[in-house]
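In: predicted model and sequence below, questions to follow.
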Amino acid sequence: MTDGDEAPPDTGSIAGDVSAFLKNLTEQLVTARWSSILPSIVDVAEYDPDFADIHGIIQRRHAAPLRAALERAVARGEIQPSADLSAITAALLGPLFYRRWFSREPIDDSFVDLIVRAVLSAVPR
């Protein structure tokens, strides 16, 4: 996924931040080498608890910029402090992974925009 050390996008709005993050991730899902081996890593993590722990740490690190953008949105009052940021993160990321490895449909900007609108419209403000 994206480099966990990168700064979270800061466009001034939660929609812009999330969209920028997801579009960067989309590019990586289509072009990066890790994208083709991730299903194998997930498979190993299912059977090896130590590897599962490492995989979880890596995934949280990669999602950290998105999480930081969501936390910034809470601070700006765009999202209620009681919102489940983990659930929002899953709702934003899940459809991209579904399309990449399950339906194998294209992941384009229109799809990302649809995900952002759908998820953010359900987030308590």
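Out: Received the coordinates, thanks.

In: in the top helix by length along the chain, what counts as buried?
Out: Among the segments of the chain that qualify as a helix by DSSP state H, the longest is helix 49-75. By 16 or more other C-beta atoms under 10 Å, the buried positions in helix 49-75 come out as 55, 59, 62-70, 72-73. From N, CA and C alone the C-beta is placed, and that goes for glycine too.

In: before we move on, what about stretch 28-36?
Out: Judged by neighbour count using 16+ other C-beta under 10 Å, the buried positions of stretch 28-36 are 28-29, 35.

In: what's the span of that stretch, first residue to last?
Out: 10 Å (C-alpha to C-alpha, to the nearest Å).

In: average pLDDT for it?
Out: Stretch 28-36 comes out with an average pLDDT of 87.

In: and what of stretch 53-73?
Out: Regarding stretch 53-73, the rounded mean pLDDT is 92.

In: report the central residue of this structure.
Out: Most central in the chain under C-alpha atoms, centre = their mean is L93, positioned 3.8 Å from the mean C-alpha point.
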